[in-house]
Structure formats: structure tokens, C-alpha cells
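**Student:** Just a sequence and a predicted model for now, questions to come.
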Amino acid sequence: MSYEHILYETRGPIAVLTLHRPEKLNAIHAPMVAELGAAMDAAEADPEVRAILLRGAGRAFSAGFDLDMGEDRGDAGAVDFLRRELRRDLDVIMRFWDSPKPTVAAVHKYCLGSAMEMAVACDVTVAAEGCRFGAPEVRFGSGIVALILPWVIGPKQAKELLLTGDDQVSAERALSLGLVNRVVPEAQCFDTALALALDIAANDRIAVALTKQGINRSLEIMGMRQALLQGLELDVVVEASETPESREFNAILAKEGPKAAIRWRRERMGR
């Protein structure tokens, strides 16, 4: 198929998927989600592809998901819509975790929100120096689409990141937390990720696939999948909820922008 919001190419045995909305810092919206799913289908079906590399075009990897949740959040039909949309987003994130082929992410500048979850869901993640990570959802009254962080970096570190809404986590701290595997100069980020993908692709295909499967299954046995689905249901509740505070916040957000809305909330708390 032809793609409008991503680029798909092969470099030898590596399928390279590039998020391609550079004017929006590669914010991931519904059409891009559909294209990512189709691209993963193509890469997984191609017998010549032995690994998949994900990156972003332009100034950043991705500033996160564009979540258009509609206005009538409490309506029963709206809640069903929310659940379908959030499940679609969860599923595309987990495609990189579940893929029978190894997945590698190369991230630079910004890797935020559910885009960070997608990068973390990849088997190996290479970060550029100066990259900023974080999950600011709680600042906007939103929930987490894929609660994969506790399984990767542990509950204590995940709680700090997710409950503060910190979106200024440096690449070096991300490395110390286990969010990424390597930190390299930005000019070397893609080449390093590609070299790692090629190293993986050079190994026995079946041994690689089954080793990945064995690691993933160990987390499945501990209940990761059920926890992610429960987390998704809690996210539906978050997104469907409306309070006087959230109405005021959203009104300021629409009129004056995110900085003004966050400042209003912090001033209410005396911060």
C-alpha cells in the first residue's frame, strides 16, 4: 500500500518505518496508527525482512499520540468510542512488543507520552544525546494507554515518572532507568540502531525469534497482558470522567494553550 504519514523502506534485511508528520513533531494520529499496522503486516510477511527499525522524521521521534476523545465523554456511546480508540492505540504499541521479528527504535529530541511507550515496547532502543523522555498525561487529565513502564523499569521508578507527569527526563537518566539501551550522539543515532538491527539479523532467525518469545512469555506468565488490559479500562474511566476542575482546565487549554492551563492548575495548588 502507499503511505501518507509514514515512510516504509528496506535496507537489506531491515524494514525501516519512519514516522512522517515532521510539521507536527510526528504526533501519532488515527491515520498514522492504521498505516503503522499495515507496515508491520508488510514487514512481518516479507521473508527477506529479519528485523524492523522504527524512527521519526525531522526534529523529533514523536511528541506523542494525538488523542481526539470527542466532547460528550460521559455518554454511553462516547465511552464505547473511547474504549475502541484506546484499544486501537494500545494494540499498535504492542505490535512492536509482540512482533515475531525483533524491533529496534532510534529516538531523538522528543520521545513523549504513548510514543515513549511504543519506543519502550521495541526490543532495543537507541537514544540520541539531548533526547527528552516523559509521560505528561496526568498534567492534562489523561491516562496512560499502555502501562508497560512498571514492567520495564519497575513500579517505583514508573510511579515517579507517571504520577509527576515529568516530560524532561534526559537520555542519560532514561539509560539509567532501563528505558533505553544506548545513548549516542544524535548524528550517530540511526546508524547505531541500524547496526544493532543488522547484528541481530545476522543471527539464526529461529533462535532469535524464540529467544524473544521466551523473554516476552516470562512477563506474560507474571500477568503483564492482563495488567495492560486492566490499565486500559482505567484509562477509559479517566478519559470519560469530567469534573468542574477538568472543565475549567479544558476551557483554558482551548482558549490559551497548554502552558496557561498547566499554570492555572499549579497555581490552584499554590505551586
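**Tutor:** Perfect, thanks for sending it.
**Student:** what bits of the stretch 51-200 of the chain have low per-residue confidence?
**Tutor:** For the stretch 51-200 of the chain, the stretches with pLDDT under 70 are 67-76.
**Student:** where do the strands sit along it?
**Tutor:** 51-56, 103-107, 110-112, 124-128, 132-134, 169-170, 182-184 (DSSP state E, counting those that start in this stretch).
**Student:** Might one say that E129 is in contact with A187?
**Tutor:** No. In this structure E129 lies outside contact range of A187 using CB atoms under 8 Å: 9.6 Å. The way it works is simple: take the backbone N, C-alpha and C, and place the C-beta from them, glycine included.
**Student:** Those two - which one has more neighbours?
**Tutor:** Taking neighbours as other CB atoms under 10 Å, E129 and A187 compare with E129 leading, 15 against 10.
**Student:** which ones are touching that one?
**Tutor:** Going by CB atoms under 8 Å, 6 or more residues apart in numbering, E129 touches 171, 183-186.
**Student:** sorry, back to before: out of the strands of the stretch 51-200 of the chain, which is closest to V79?
**Tutor:** strand 110-112 (26.1 Å; CB to CB).
**Student:** next one: the longest helix along the chain to chain centre, how far?
**Tutor:** Using DSSP state H, we find that the single longest helix of the chain is helix 76-98. Relative to its parent chain, helix 76-98 has a centroid offset of 13 Å by CA atoms, centre = their mean, to the nearest Å.
**Student:** Only whichever of the contacts of E129 are buried, select them in ChimeraX.
**Tutor:** Selection command for ChimeraX covering only the buried members of the contacts of E129, criterion 16 or more other CB atoms under 10 Å:
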select :171,183,184
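**Student:** Output the longest helix of the chain in CSV, but only the C-alpha positions, please.
**Tutor:** Output of helix 76-98 as CSV, limited to C-alpha atoms (Å, rounded to 0.1, in the frame of the first residue of the first chain):
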residue,chain,number,x,y,z
ALA,A,76,-22.5,5.6,26.8
GLY,A,77,-21.8,5.7,23.1
ALA,A,78,-18.9,8.0,23.7
VAL,A,79,-17.4,5.6,26.3
ASP,A,80,-17.6,2.8,23.8
PHE,A,81,-15.9,5.0,21.2
LEU,A,82,-13.2,5.9,23.8
ARG,A,83,-12.6,2.2,24.5
ARG,A,84,-12.3,1.3,20.8
GLU,A,85,-9.9,4.2,20.1
LEU,A,86,-7.7,3.5,23.1
ARG,A,87,-7.6,-0.2,22.4
ARG,A,88,-6.5,0.5,18.9
ASP,A,89,-3.7,2.7,20.2
LEU,A,90,-2.7,0.0,22.7
ASP,A,91,-2.7,-2.6,20.0
VAL,A,92,-0.4,-0.6,17.7
ILE,A,93,2.1,0.0,20.6
MET,A,94,2.1,-3.7,21.4
ARG,A,95,2.7,-4.7,17.8
PHE,A,96,6.4,-3.9,18.4
TRP,A,97,6.5,-6.0,21.5
ASP,A,98,4.6,-8.9,20.0
